Structure formats: C-alpha cells, structure tokens
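K.L.:
Below are the sequence and a predicted model for it; my questions follow.
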Amino acid sequence: EREQKQFIIAQSWTVRVAPEQAPRALDVAVRAGANESGSIEWSVKDPATAIAHADAKAVTAARNTADVIARTAGVRVTQVISIREDESGGGPRPLMRAMVADKGFASASAQPLAINSRRIQVSATVHAVLRDVRDAAAMAAWIGGAGRLDLVIANAGISAGTADAAESAAQTRAIFAVNLDGMLNTVLPALAAMRGQQADARGWRGQIAVVASIAGFVAAPGAPSYCAAKAAADAWTVASAHSAAAEGIRLTSLCPGYVRTAMTAANRFPMPGLMDAGRAARIMLAGIAAGRRRVVFPWWMGLLARVAGLLPPRLLAAAMTRAPGKAGLGEAEG
C-alpha cells in the first residue's frame, strides 16, 4: 500500500506600512485568506527625532504647569533647575503608545503625551527688605531698582479705633499715612515700572493687588480713619483698574473680613466670619490669578456691610456702638 503523506503549505508575509494604513493592510490580508496574524510591532524610522519632539512637548507642558503654580503662589519661575526622566515599564513604550494614540488606534486607556514622564523642580528666592512705606522717595527708589515686577501686593497697614472716645489727630494722620499714602507709595512706582516692562504671552505687563477691607464698605464710628482709608484704597484701585488694564497691567482690590492675625488678636468685640490667615491667602491668590478687580470674602459679610452702609447714619451708629470699641494706637498697634 502506497504510503500517504500530508503536506501543510504555509505562507507568511511581513508588511511594513504607515500607522494610518495598518487597519487596511490587515483587512487585505484576511480577505486574501490569511487565518493567523502575528504580533504587530510599532516603530518609527527616526526614533531619536520622535523622542526629542515628545520630550520638548512634555517639558513645555510641565513648564506651563509650573508657571501657573508659581503665579498662584506669587512668585516667578526663572529657570528649570532639574529634569528627571522616568520611563514606565511593561507593554509598549510610552512613546509608542503616544504615537498610536495620535493616529487613532489606541485603546481608551492609552495616555497621549505620557511620553517619558518628566518631573520638573523649580525654586524661588525670597529677599526680605525692611522699608518704611511712608517714605515716598525711598519706596520709589527701591521699587524702581527691583528689576522686573510680575506681582506687587501692597499690604502694609495699621489698625486702630476710638474705643469710646474721639479719635485723636495723631492717630488719624498715622492711619492715613500708612494705609493710604503708604499704599500709593507702593503702587504708583510699581505702575511706572510695569509700564516699561515687556508684556507676557497673554499681553500683561504685571499685576498689582491692594489689600483694602470690608471695613471700607461701612462708616463704622468705632474706627473712622481705618474705614475711610480702606474705602479710599478700594475705590481708587477699582476705579484705576480700567485705565491700567489698557496699559497691560492688572489691578485687584482685596477686601477681606476678619482674619486671625496678631492685629485682630487685640479686638475686644465679636468677629463674625473670622478665618485663618492661610485660608485668606489662598482666596486672595486665587482672585489675583483670575484677574478679578475686586475680591470680597466672606461674600456674605461683604453683602451685610454694603446693606449696613445704606442705613441712616444715626441708626448705623446706634447699632454699632453697642459692642466694645476697637483699641486706639496707644493701646494696640499692628
């Protein structure tokens, strides 16, 4: 009996196509009778160029993120200190996943731009300088020689009340000298410096924030000079914001309520809405970063102060003098 022999004829193809042509090539093979497919390998003709391109995009994205964080924190990113490369293991290299995702062949779990993840470290240098904001010439010289100014916050201020007596002339002049003149001695030179600065990619030359107060919304008889100085600071800042914006400079008036500091620790009256300094700082920085012209918090306290300011003066005075008065400068100063 003749020996029977069986033969299996196998034919294999290796096809190199562009990523966008891969589905079509696979379809043609199946229609031609192919019943088994080997692994699909993704590669590029010039991996060095592709990796360099991906690296540049990753570093740019990280730098943009660092800039946003720095602006929120009130500092400026000057240079990249270090770049560390971490390549994830298992499965296709992150570069390949990103390439496939760009072409529309990746699964839902693929992460475009997960290309050789980067960790960017940046640092900021803080210089503490003691200046008297009442000295206009000294402030102008210091601010004018400080270099580029991205964000200036005019925060110096003192607080004092009348207790149950009339406010002295010395206290009135002292409060206005620091809270109003000191603010202008800071902001006016900063405006002049920023006008000469190069605008950033968004068209802004710089930002200035003035710390006013919700106290400026109401004429409280217990702190007439403090309320008046803060009212003037808020009104001037908000009114000037329009013309400043036309010059590429953002102005923001910060109007907080009661914040837990050494200044408020001496108060002998109830302080509704009292909040920690850290929380207040986060609210103010968020408002500055958003470019708002006035930031009032807590909002409900600002609203109540506005309503109280509409009351007849005699009725307002009668209501507000029931609580213990704020100490004068001779008793407490912050």
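P.N.:
Sure thing, it's come through. Numbering: from 1, shown residues only.

K.L.:
From here on, just use CA atoms for contacts and neighbour counts.
P.N.:
Fine.

K.L.:
my read: Met194 touches Ile208, true?
P.N.:
No: counting by Cα atoms under 8 Å, Met194 does not reach Ile208; the two are 9.6 Å apart.

K.L.:
buried ones in stretch 171-187?
P.N.:
Burial within stretch 171-187, assessed by neighbour count using 16 or more other Cα atoms under 10 Å, is assigned to 171-172, 174-187.

K.L.:
CA atoms of it as PDB?
P.N.:
Written as PDB, here are the backbone C-alpha positions of stretch 171-187 (Å, rounded to 0.1, in the frame of the first residue of the first chain):
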ATOM      1  CA  GLN A 171      -4.000 108.600  65.200                       C
ATOM      2  CA  THR A 172      -5.900 109.900  62.200                       C
ATOM      3  CA  ARG A 173      -2.800 111.100  60.500                       C
ATOM      4  CA  ALA A 174      -0.900 107.900  61.300                       C
ATOM      5  CA  ILE A 175      -3.500 105.600  59.800                       C
ATOM      6  CA  PHE A 176      -3.900 107.600  56.600                       C
ATOM      7  CA  ALA A 177      -0.100 107.900  56.300                       C
ATOM      8  CA  VAL A 178       0.400 104.100  56.300                       C
ATOM      9  CA  ASN A 179      -2.900 102.700  54.900                       C
ATOM     10  CA  LEU A 180      -3.500 105.200  52.100                       C
ATOM     11  CA  ASP A 181      -0.200 107.100  51.500                       C
ATOM     12  CA  GLY A 182       1.800 104.000  52.100                       C
ATOM     13  CA  MET A 183      -0.300 102.100  49.600                       C
ATOM     14  CA  LEU A 184       0.100 104.800  46.900                       C
ATOM     15  CA  ASN A 185       3.900 105.000  47.700                       C
ATOM     16  CA  THR A 186       4.000 101.300  46.700                       C
ATOM     17  CA  VAL A 187       1.500 101.100  43.800                       C
END
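
K.L.:
got the contact list for that stretch?
P.N.:
Stretch 171-187 is contacted from outside by 133-136, 139-140, 143, 152, 154-160, 208, 210, 225-226, 229-230, 232-233, 328-329, using Cα atoms under 8 Å, 6 or more residues apart in numbering.

K.L.:
mean confidence for that stretch?
P.N.:
Confidence over stretch 171-187, taken as the mean pLDDT, stands at 96.

K.L.:
what about the spatially closest residue to Pro221 that is not a sequence neighbour, how many residues close to it?
P.N.:
Using Cα to Cα, 6 or more residues apart in numbering and skipping the chain neighbours, the partner closest in space to Pro221 is Ala317 (6.1 Å). Applying other Cα atoms under 10 Å, we find 15 other residues in the vicinity of Ala317.

K.L.:
my read: Ala317 touches Pro224, true?
P.N.:
No: applying Cα under 8 Å as the test, Ala317 and Pro224 come out as separate, 11.3 Å apart.

K.L.:
now Ala209, what's its secondary structure?
P.N.:
Under DSSP: H, G, I helix; E, B strand; the rest coil, the three-state class of Ala209 is strand.

K.L.:
Residues in contact with the longest strand along the chain: which ones?
P.N.:
Scanning the chain for the longest strand, with DSSP state E as the assignment, gives strand 249-256. Where contact means Cα under 8 Å, 6+ apart, the residues beyond strand 249-256 that reach it are 191, 194-195, 204-214, 233-234, 237-238, 240-241, 244-245, 280, 284, 288, 291-298.

K.L.:
could I have it exported to CSV, CA atoms only?
P.N.:
What follows is strand 249-256, C-alpha atoms only, in CSV (Å, rounded to 0.1, in the frame of the first residue of the first chain):
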residue,chain,number,x,y,z
ILE,A,249,-1.5,96.0,34.0
ARG,A,250,-4.0,94.2,36.2
LEU,A,251,-5.2,95.9,39.4
THR,A,252,-7.0,94.0,42.1
SER,A,253,-8.6,95.3,45.3
LEU,A,254,-8.6,92.7,48.1
CYS,A,255,-11.4,93.2,50.7
PRO,A,256,-11.2,90.6,53.4
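
K.L.:
Just want the angle from the one helix or strand Ala192 maps to to strand 249-256.
P.N.:
Taking DSSP states H and E as the definition, Ala192 sits inside helix 182-195. For helix 182-195 against strand 249-256, the angle between stretch directions is 150 degrees (axes from the mean of the first three to the mean of the last three Cα atoms, to 10 degrees).
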